[in-house]
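Q: okay, here's the prediction I keep looking at, along with the sequence it came from:
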Number of protein chains: 2
Amino acid sequence: MTIDLQVHLLPSLVSEEQLRGGVAVVIDVLRASTTITQALASGATAVVPTATVAESHAAAAAISGFSQSSSDSPVPPDVRAKAGVILGGERSGTLIPGFDLDNSPMKYTSSIVAGKTVVFTTTNGTQALLKCRLAARTLVGCFSNLHAVIALLANDSRPIHLVCAGTDGIVSTDDALCAGAIATGVWAARNWPKWHGDELRLVMDLFTCRCQPMREVVNTLRESHGGRNLISLGLEADIDRAARWDLFRLVPEFDLATRRLQPATDVPAEPKQILMVPRE
Amino acid sequence: MTIDLQVHLLPSLVSEEQLRGGVAVVIDVLRASTTITQALASGATAVVPTATVAESHAAAAAISGFSQSSSDSPVPPDVRAKAGVILGGERSGTLIPGFDLDNSPMKYTSSIVAGKTVVFTTTNGTQALLKCRLAARTLVGCFSNLHAVIALLANDSRPIHLVCAGTDGIVSTDDALCAGAIATGVWAARNWPKWHGDELRLVMDLFTCRCQPMREVVNTLRESHGGRNLISLGLEADIDRAARWDLFRLVPEFDLATRRLQPATDVPAEPKQILMVPRE
């Protein structure tokens, strides 16, 4: 079966219409994809992505049954806590005033997010997610759930779109490297024709050059636009975390009707390992 | 000396302002860059790039001293011939009605263009060229003049921008591969720091994966967006021509004041060969 897989190095390089009816995988390795996956793996009930801080407050208010005085008035912390709502995300890479958590995946531990609803807004990742509203299915991919994503895509006959979030409108190799890893894995799992597009070739060749050893993966992430931003903020540990492969067999899936991200229910119990994990 | 070199996979991914004061190299391997280089190497006095067909007619009229009845009325062939003006270019890859030559480099032979002024309009390449009006210097690069371009850039301390034309707004690996070749050559000629941007890494890794042997270079060009378009038009020979390295030691340079492309006068007589020409 011929599979149509395209890579989009930035959300601006694909139209909503192109995604119609396909399977979109949103990739924002540093850090939204990694953090969303971590939050759900830590037992969060759902992640609710929002485009703006005001929308976050509005979503938190709706879930908490709290009547806002204005569109951006925050829900009091005790009301949120009682309703099990966590405000998470970042602007310029750092904690948003009044929010509970920033965008560091390691902050989203079970003790903090299990059983809670995480309302989540970031600069690049959630924007990319909201672009995919015409896709038949929208998933979130990163290194943390690499083979789980590959397993879902390898069993889907619809057109596949790997949508890299980029960093502030600029191509970022952290996302491109992960897109290359996913594409290479799906490619290896399927009997494909030779050619699948120019951006696909770029990310697959990047992956070929940068996937071994693990030091090279981490360095590629460090040296990406997104990685350099994190280093300037003292957040290098988040890069190391985002570089880890297959921590979870969980793929966040976006339900447009409920506007929630929850774990896809059809991930195989033991996703087939196709790509060799880079040696340390 | 630290050199700033950036790659832009599409003209839309760079602003005119970013190019200010730098050296821009416009790359449209299939085929505008290759054809412009060939035309000047065949002895054309100048190439005048224009954005539209109407602008081509206007430029031809101005050079011929012909008074147009309307902005898109063509100059009669005998008047153009007397003034030594050739109309060249393409729309949708093919000859524009009333023009003398399409965008096939092999058509621009000495017997046809020597001593003539070529007024030239293409879908992607000339548009990219006209975007670089704030650059301190604008050059045209392709495989045909690879080491001549590398030689000029290796001796320039200003920021360097490799601007890929792409194909109809889509990233194209023919241009990306050439950008990777130029970047790798300049890199090898200079003592650079390690990191130079995410798009740069993508094209350098593409070049690493696809530069050997020549068959792989030609296949990469064939399989690019631009290449597939040409094959569908029966123009595969143009791809083989565009893949040839170092046919000329000539670099077209755009003079904003006269709006003409003419050979840069500072190309070394024997550009140092840095990259190994792919074996056949």
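A: Looks like it came in fine.

Q: around chain B, pick out the residues from chain A.
A: A:9-10, A:12-13, A:170-173, A:176, A:194-195, A:197-199, A:201-203, A:205-206, A:208-210, A:220, A:223-225, A:228 (Cβ under 8 Å from any Cβ of the partner chain). Backbone N, C-alpha and C define where each C-beta goes, glycine included.

Q: looking at those, which are in helices?
A: Members of the residues of chain A next to chain B lying in helices (criterion: DSSP state H): A:173, A:176, A:198-199, A:201-203, A:205-206, A:208-210, A:220, A:223, A:225, A:228.

Q: show me which of these are buried.
A: Burial by neighbour count, 16 or more other Cβ atoms under 10 Å in any protein chain shown: within these this picks out A:173, A:176, A:198-199, A:201-203, A:205-206, A:209-210, A:220, A:223, A:225, A:228.

Q: ok, now which ones touch the closest residue to residue A:279 other than its chain neighbours?
A: Of all residues not flanking residue A:279 in the chain, residue A:213 sits nearest, at 4.8 Å (Cβ to Cβ, 6 or more residues apart in numbering or on different chains). Residue A:213 makes contacts with A:278-280, as judged by Cβ atoms under 8 Å, 6 or more residues apart in numbering or on different chains.

Q: what's the closest of those residues to residue B:77?
A: Top of the list for closeness to residue B:77, among the contacts of residue A:213 and by Cβ to Cβ, is residue A:278 at 63.6 Å.

Q: how many neighbours does the closest one have?
A: If you count neighbours by other Cβ atoms under 10 Å in any protein chain shown, residue A:278 ends up with 17.

Q: before we move on, what about residue A:73?
A: 14.

Q: with the one 10 residues further on instead?
A: Residue neighbour count, defined by other Cβ under 10 Å, stands at 17 for residue A:83.

Q: gap between the two ends of stretch A:241-259?
A: Using Cα to Cα, to the nearest Å, one end of stretch A:241-259 lies 27 Å from the other.

Q: buried residues, it. List them.
A: Buried residues in stretch A:241-259, defined by neighbour count with 16+ other Cβ under 10 Å: A:241-254.

Q: need those in CSV with pLDDT, can you?
A: Shown next, in CSV, are the buried residues of stretch A:241-259 (pLDDT from 0 to 100):
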residue, pLDDT
A:241, 94
A:242, 94
A:243, 94
A:244, 95
A:245, 94
A:246, 95
A:247, 95
A:248, 96
A:249, 96
A:250, 97
A:251, 97
A:252, 97
A:253, 98
A:254, 97
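
Q: tell me which of these fall in strands.
A: Taking DSSP state E as the definition of strands, the buried residues of stretch A:241-259 contribute A:252-254.

Q: coming back round to it: need the pLDDT of the residue nearest to residue A:279.
A: For residue A:213, the pLDDT comes out at 88.

Q: what's it sitting at in phi/psi?
A: With angles defined as degrees, to the nearest 10, residue A:213 sits at phi -80, psi -170.

Q: let me see the ranges of the helices in the stretch 1-150 of chain A.
A: For the stretch 1-150 of chain A, the helices defined by DSSP state H, counting those that start in this stretch cover A:32-41, A:53-64, A:77-83, A:110-113, A:125-131, A:146-154.

Q: out of the ones you listed, which gets the lowest mean score?
A: When I compare those, helix A:125-131 is least confident, with a mean of 86.

Q: tell me the centre residue of chain A?
A: By Cα atoms, centre = their mean, chain A has its centre lying nearest to residue A:33, at 2.0 Å.

Q: can you find the helix or strand of chain A with the lowest average pLDDT?
A: Within chain A, no helix or strand scores below helix A:125-131, which has a mean of 86 by mean pLDDT, DSSP states H and E.

Q: quick one: it to chain centroid distance?
A: Relative to the chain's own centre, helix A:125-131 is displaced by 9 Å; criterion: Cα atoms, centre = their mean, to the nearest Å.

Q: before we move on, what about stretch A:260-276?
A: 14 Å.

Q: and the gap between residue A:203 and residue B:199?
A: Plainly put, residue A:203 is 12 Å away from residue B:199 if you go by Cβ to Cβ, to the nearest Å.

Q: next one: residue A:171
A: To residue B:199, residue A:171 is 5 Å away according to Cβ to Cβ.

Q: residues in contact with the helix or strand harbouring residue A:237?
A: Using DSSP states H and E, residue A:237 sits within helix A:236-242. Residues from elsewhere that reach helix A:236-242 (Cβ under 8 Å, 6+ apart): A:29-31, A:34, A:104-106, A:142-144, A:174, A:218, A:221-222, A:227, A:230-231.

Q: please give me every residue in contact with the residue lying closest to the residue nearest to the centre of chain A once chain neighbours are set aside.
A: For residue A:33, ignoring the flanking residues on the chain, the nearest one in space by Cβ to Cβ, 6+ apart is residue A:142 at 3.8 Å. Contacts for residue A:142 (Cβ under 8 Å, 6+ apart) come out as A:27-29, A:33-34, A:37, A:178, A:242.

Q: just the pLDDT at residue A:142, thanks.
A: At residue A:142, pLDDT is 97.

Q: and residue A:72, by the same measure?
A: Looking at residue A:72, its pLDDT reads 78.

Q: now swap in residue A:195 and tell me
A: Residue A:195 carries a pLDDT value of 53.

Q: highest mean neighbour count out of the helices of the stretch 1-150 of chain A?
A: Mean neighbour count, computed with mean count of other Cβ atoms under 10 Å in any protein chain shown, is highest for helix A:32-41 among the helices of the stretch 1-150 of chain A, reaching a mean of 29.

Q: quick check: most distant residue from the centroid of chain A.
A: residue A:69 (32.5 Å).

Q: how near is that one to chain B?
A: The gap separating residue A:69 from chain B is 41 Å, by Cβ to the nearest Cβ, to the nearest Å.

Q: got the contact list for stretch A:269-280?
A: Surrounding stretch A:269-280, the residues in contact under the criterion Cβ under 8 Å, 6+ apart are A:146-148, A:150-151, A:154, A:181, A:184-185, A:188-189, A:211-217, A:245-246, A:249.

Q: next: stretch A:86-95.
A: For stretch A:86-95, contacts defined as Cβ under 8 Å, 6+ apart pick out A:35, A:39, A:44, A:53, A:56-57, A:60, A:80, A:96, A:98-103, A:108, A:112-113, A:116-123, A:126, A:229-230, A:233, A:235.

Q: one more time with 7 Å
A: Applying Cβ atoms under 7 Å, 6 or more residues apart in numbering or on different chains, the external contacts of stretch A:86-95 come out as A:56, A:60, A:96, A:99-103, A:113, A:116, A:118-123, A:229-230, A:233, A:235.

Q: and these, which of them are buried?
A: Neighbour-count burial (16+ other Cβ under 10 Å) applied to the contacts of stretch A:86-95 gives A:56, A:60, A:96, A:99-103, A:113, A:116, A:118-123, A:229-230, A:235.

Q: for the stretch 151-280 of chain A, which spans come out with low pLDDT?
A: Low-confidence regions of the stretch 151-280 of chain A, defined by pLDDT under 70, span residues A:191-196.

Q: wait, what's in contact with residue A:198?
A: Listed by Cβ under 7 Å, 6+ apart, the contact set of residue A:198 reads B:170-173, B:224-225.

Q: sweet, I'm off.
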